[in-house]
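Participant: Predicted structure and sequence below. I'll ask about it afterward.
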Amino acid sequence: MNPSHTASWGILNRRDFPRLLDALRTQGYRIIGPTLQDGAVKWGDIATVDDFPVGWRDHQSPGHYRLERTESFRYFDIVHGAESFKPLTFAPRETLLVLERTHKTFVATPILPDPEPLAVLGVRACDLAGLAIQDRIFLHGPYADPYYRARRDRLFIIAVQCTRALDTCFCASMGTGPQATAGFDLALIEGDADFVVQTGSEEGARLAQHLSLHPVPPERLRQEEIRMAACAASQTRSIDQSALPRALYDAHDHERWDDVARRCLACTNCTMVCPTCFCHGVEEQPDLMWTRSERARVWDSCFTPDHGYIHGKNLRPTIKDRYRMWLTHKLAAWIDQFGMSGCVGCGRCLTWCPVGIDLTEEIKELIRSRQASGS
Amino acid sequence: MNMESAISPPMNPFVIHPAVIKEKRQEAPEIVTFRLQLEDPAIRKQFRFEPGQFNMVYAFGVGEVAISIVSDPDHPRELDHTIRIVGRTTDVIGRMQPGDRLGIRGPFGKGWPMEEAKGSDILIVTGGLGCAPVVGAIEYIFRRRENYGMMNILHGVKAPHDLLYRERFDAWRAHPRTHVWLTSDEPGKTWHYHVGVVTELFDRVQFDPNHTFVMMCGPEIMMRVASHLLSQRGLTPDRMYVSLERHMACGIGLCGHCQLGPYFICKDGPVMRLDRILPWLGKSGI
Amino acid sequence: MARPARSFRQGTKPRLAVMKFASCDGCQLSILNMEDELLSLGTVLDIAYFPEASSRRLAGPYDITFVEGSISMPEDVQRLADIRQRTTWLITIGACATAGGIQALRNWADAEEWKRAIYPHPDYIRSLSTSTPISEHVKVDFEVWGCPIDKRQLLRVLTDIIGGVRPRLPHHSVCLECKRQRQVCVLVAKGEPCLGPVTQTGCGAICPGMARACYGCFGPAEGPVAAPGAPPNTHALAQQFHRSLGLIPVEVIRRFRGINGYLQPFREESHAWESTEDTHNQG
Ligand SMILES: Cc1cc2nc3c(=O)[nH]c(=O)nc-3n(C[C@H](O)[C@H](O)[C@H](O)COP(=O)(O)OP(=O)(O)OC[C@H]3O[C@@H](n4cnc5c(N)ncnc54)[C@H](O)[C@@H]3O)c2cc1C
Ligand code: SF4
Ligand code: SF4
Ligand code: SF4
Ligand code: SF4
Ligand code: FES
């Protein structure tokens, strides 16, 4: 994606929407988007426009996710699915190397992922913000990750702008949404009769040429801006970042950690669904003959017993230690490490926490009053 | 879309390079030193490191562990690793013999400030069981003895039997302008050194705070107390360095395991200047 | 080559035995189900005693003995002690051996009364009043949990032992694996009382993958005894079952008092709800 690209806008009639799929396929892309699976919405293959979850909308609140039938004919009424964008670029499990014993020594062969061109349709502003953070980690540190890069470079990204927020969304307070402003090839705003299409890259502009777009009246763009602003205004949760990271570092001994530790299961779900969490471990799998071994990278989490392990002891044995690690990393240390918060406000960790722990509530308590813990 | 980098993959930092064990030395019952040579001549040729940096050392089919490089950076074609056998992977490594292959990824991390410390006196403070990360620095100085001032090595253990590798301290003691101070928290029959915590030794050691660099390695609480006492003796935190240890899976700042506060010990450390790390040192549960 | 040092006599294949106590044989079946691997297993191991699989019964000592089943009869205790004497590695396989199994439900009941109620001639039934894990009787070198065990885990443990490496299996929650497999959480999306958050990984998150709640077959996450403040937080999950998913206390008890109900974290959780069973307001 070219940051110097000058955006242009056009209108795509609803009946022409399938052309977008055709154009992508002609360019050789496999297309994925939001699809209904197992009572939720997940990334899935899009063969025709009927694969989109038309007539469904999602309700999300802490610890709770339900889909509800509607009369709507729109394609993108679902705000966001159970998964973030993360598994598409940072695979939950992937082989890094195969090692084989030879005569006296061994050879390590990297197994890079298949760079099949992939178009992702229906990406939200928070997803893009999460992707930008993961790019920062995996591609712009001292060592670039070739596995991530292979999955990343093949992408064509079509964002969909948010005009409805979930109860759990707080992207507005994190400055990441609801409007996607960068990081996409194309962005769509879905209206009743049509889509407003915005180009975000040269590749996007080239694809848009196949869509027979109509000019957009300036009034229409203003209306859409208002819809997105209303979506931002409807968000009820927020994180006050003005005192971060300091305030959270200072809250190391706060009694609220004991309180949340009584509720938290240390189950890892929040870190798994979070679009930015990047922790991973390596699983080594030798064969029975000890002639061949596979090293696979797997998602890991600071809630596991191994994460803080150094020989002989676990530096973070308790749930309190682990919850504090997650929140302090996410909302404070991240800022020092990467110059940005580790939270994009997608609200997934609230929804998919089996006991509905809401980090916006926890952080409020932790930085409001600086009481010392009794223990 | 940008297919180019997918076609010509850049260097893959996850690839493990085989290295042959040239020599094996049993230093103590549970401590071995291996001299390794990378098999691939091209990789061997470009391999450069600093004292205090580490390699991820791999045992086939078992896994990797972070291990400091203790040999001399002027001879990077051969790499010495002193390994204490403490668990699953080091157990397997410890049983390897000359001619066997280990794997190597590295070197990673930031080493000791050997350049800045030139011309200064050196105070080494270590505690606990074995402290490989400072060994590289100590040996480095001995090979360039004229470049450095007075050398004081302070080492504390909990009980006399925790002093693995007593011979090495004796050998260091023999170097010019070098003092080695040993202490044990608990007394013992064969223990003719000091009894008490390592920080008690500070009162006995003479040093000029304005011309001394401190290099520390050991339990974080010990380093925290030591740095506090040394500050009282006039040493400024920008002249004190510590080597830290955390769980490491990648060594390259990607896997998230080695975090300590805002730092990744694998890339911001393992050697860190005290003033940067002091707020986090020895804090419980992090 | 990197030689994984052998802890066995050089040049000989380690001898494997499979022994059984009170159990359903399901775990032994898991071994038999490794069709693909059995062949290569034969080349690296000498399967010396495995009645379920072969009539070949070589006498001990053995290098590796898998023990299936719990201790539930008086004579079990001595037989187990003999097995311990004749093996280098004693590895328990399956929830019966590691946790007492489903038959440990009797540990909460009056076993004598059950006998009278079930059998026409209760005098013929010789059984202990409890069903207990192997580790309550002899030293166990490694435990492979699960009901039934997971063949990949078993293979992994065997591979390590053959290679001279200490076996190790992960202790984290089922949820981590569930998410790695990109499954939709049945607790959050369907309100199913899933035990995944407090259960140890190993099964491959099979049940959530079939839209069902985890039954806790692999026992409590992070081990048989919970350290203070450490996972599994069975209490918080039980509260969620009760308050948000609407389970009444007896249903909460049933969730925790399953195959691994005798292990401390699950046992204590079910006990806690017993005392509040009538009041219905666990606080
Ligand atoms: C920068 C640095 C330099 C070091 N230099 C040296 C040195 O020069 N010499 C030396 O002897 N030691 C050194 N160490 C310590 C050494 O890395 C550990 O002793 C070693 O990792 C322990 O390995 P193990 O045999 O227990 O292997 P394993 O138990 O197989 O551990 C391998 C990896 O998994 C982690 N791990 C260990 N046990 C568990 C568990 N139960 N669950 C989950 N994860 C686990 C470890 O942290 C390690 O990363 C250094 C450590 C660091 C961070
Ligand atoms: S911390 Fe929670 S709300 Fe923030 S980005 Fe991660 S999952 Fe979304
Ligand atoms: S340490 Fe925890 S919060 Fe931070 S990236 Fe890793 S899993 Fe996420
Ligand atoms: S906060 Fe919720 S999702 Fe995260 S570990 Fe705790 S219980 Fe699990
Ligand atoms: S379905 Fe069960 S195992 Fe899977 S994430 Fe949800 S609670 Fe955890
Ligand atoms: S060891 Fe992986 S980030 Fe430091």
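Facilitator: Here it is on my side, so go on. Ligands and ions are numbered 1, 2, ... in the order given.
Participant: Output the below-cut-off pLDDT ranges for the chain.
Facilitator: Assuming you mean chain A. For chain A, the stretches flagged by pLDDT under 70 are A:1-3, A:369-375.
Participant: meant chain C actually
Facilitator: Residue ranges of chain C with pLDDT under 70: C:1-11, C:110-116, C:118-119, C:122-126, C:277-283.
Participant: all helices of the stretch 151-286 of chain B, in order?
Facilitator: All helices of the stretch 151-286 of chain B, identified by DSSP state H, counting those that start in this stretch, fall at B:166-173, B:220-232, B:265-268, B:274-277.
Participant: ditto for chain A
Facilitator: A:17-26, A:86-89, A:125-139, A:146-153, A:171-174, A:202-208, A:218-233, A:246-250, A:256-263, A:269-273, A:319-328, A:334-338, A:348-351, A:359-368 (DSSP state H).
Participant: Make a markdown table out of those and add mean neighbour count.
Facilitator: Using the backbone N, CA and C atoms, a C-beta is placed for each residue, glycine as well. What follows is the helices of chain A, written out as a markdown table (neighbours: other C-beta atoms under 10 Å in any protein chain shown):
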| stretch | mean neighbour count |
| --- | --- |
| helix A:17-26 | 16 |
| helix A:86-89 | 22 |
| helix A:125-139 | 23 |
| helix A:146-153 | 21 |
| helix A:171-174 | 21 |
| helix A:202-208 | 19 |
| helix A:218-233 | 14 |
| helix A:246-250 | 16 |
| helix A:256-263 | 18 |
| helix A:269-273 | 27 |
| helix A:319-328 | 24 |
| helix A:334-338 | 18 |
| helix A:348-351 | 27 |
| helix A:359-368 | 20 |
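Participant: Of the helices of the stretch 151-286 of chain B, which stretch is the most buried?
Facilitator: helix B:265-268 (a mean of 23; mean count of other C-beta atoms under 10 Å in any protein chain shown).
Participant: Check which helices and strands the helix or strand hosting residue C:271 is in contact with.
Facilitator: Taking DSSP states H and E as the criterion, residue C:271 maps to helix C:264-274. Applying 3 or more C-beta pairs under 8 Å, 6 or more residues apart in numbering or on different chains; DSSP states H and E, we find helix C:264-274 packed against helix C:234-243, helix C:249-256.
Participant: Mean neighbour count and distance to chain B added to these, as a markdown table?
Facilitator: Formatted as a markdown table, the helices and strands packed on helix C:264-274 follow (neighbours: other C-beta atoms under 10 Å in any protein chain shown; distance: least, C-beta to the nearest C-beta, whole Å):
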| stretch | mean neighbour count | distance to chain B |
| --- | --- | --- |
| helix C:234-243 | 21 | 19 |
| helix C:249-256 | 20 | 28 |
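Participant: what residue is smack in the middle of chain B?
Facilitator: With distances taken as C-alpha atoms, centre = their mean, the residue of chain B nearest its centroid is residue B:133 (0.6 Å).
Participant: tell me which element it falls in.
Facilitator: Following DSSP H and E, one finds residue B:133 within helix B:132-143.
Participant: helices or strands next to that helix in the packing?
Facilitator: Helix B:132-143 sits against strand B:63-68, strand B:79-84, strand B:121-127, strand B:151-157, helix B:166-173, strand B:212-217, with contacts defined as 3+ C-beta pairs under 8 Å, 6+ apart.
Participant: CA atoms only: put the longest one into PDB for me.
Facilitator: What it means is helix B:166-173. The C-alpha coordinates for helix B:166-173 follow below in PDB (Å, rounded to 0.1, in the frame of the first residue of the first chain):
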ATOM      1  CA  ARG B 166      36.100 -22.900  42.400                       C
ATOM      2  CA  GLU B 167      39.200 -23.400  40.200                       C
ATOM      3  CA  ARG B 168      38.200 -20.700  37.900                       C
ATOM      4  CA  PHE B 169      38.200 -18.100  40.600                       C
ATOM      5  CA  ASP B 170      41.600 -19.300  41.700                       C
ATOM      6  CA  ALA B 171      42.900 -18.800  38.200                       C
ATOM      7  CA  TRP B 172      41.500 -15.300  38.000                       C
ATOM      8  CA  ARG B 173      43.100 -14.400  41.300                       C
END
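Participant: So is it next to ligand 1?
Facilitator: No. Helix B:166-173 is not in contact with ligand 1 by C-beta under 6 Å from any ligand atom; minimum separation 13.5 Å.
Participant: Tell me how far that helix lies from the chain's centre.
Facilitator: Relative to its parent chain, helix B:166-173 has a centroid offset of 17 Å by C-alpha atoms, centre = their mean, to the nearest Å.
Participant: With the last one instead?
Facilitator: Centre-to-centre, strand B:212-217 and its host chain are 12 Å apart (C-alpha atoms, centre = their mean).
Participant: what angle sits between that strand and helix B:132-143?
Facilitator: Here strand B:212-217 points in a direction 140 degrees away from that of helix B:132-143 (axes from the mean of the first three to the mean of the last three C-alpha atoms, to 10 degrees).
Participant: Strand B:212-217 pairs with which strands, and in what direction?
Facilitator: According to DSSP bridges, strand B:212-217 forms sheet pairs with strand B:121-127 (parallel), strand B:240-243 (parallel).
Participant: Residue C:167 and residue B:62, how far apart?
Facilitator: Note on residue C:167: its distance to residue B:62, by C-beta to C-beta, to the nearest Å, is 11 Å.
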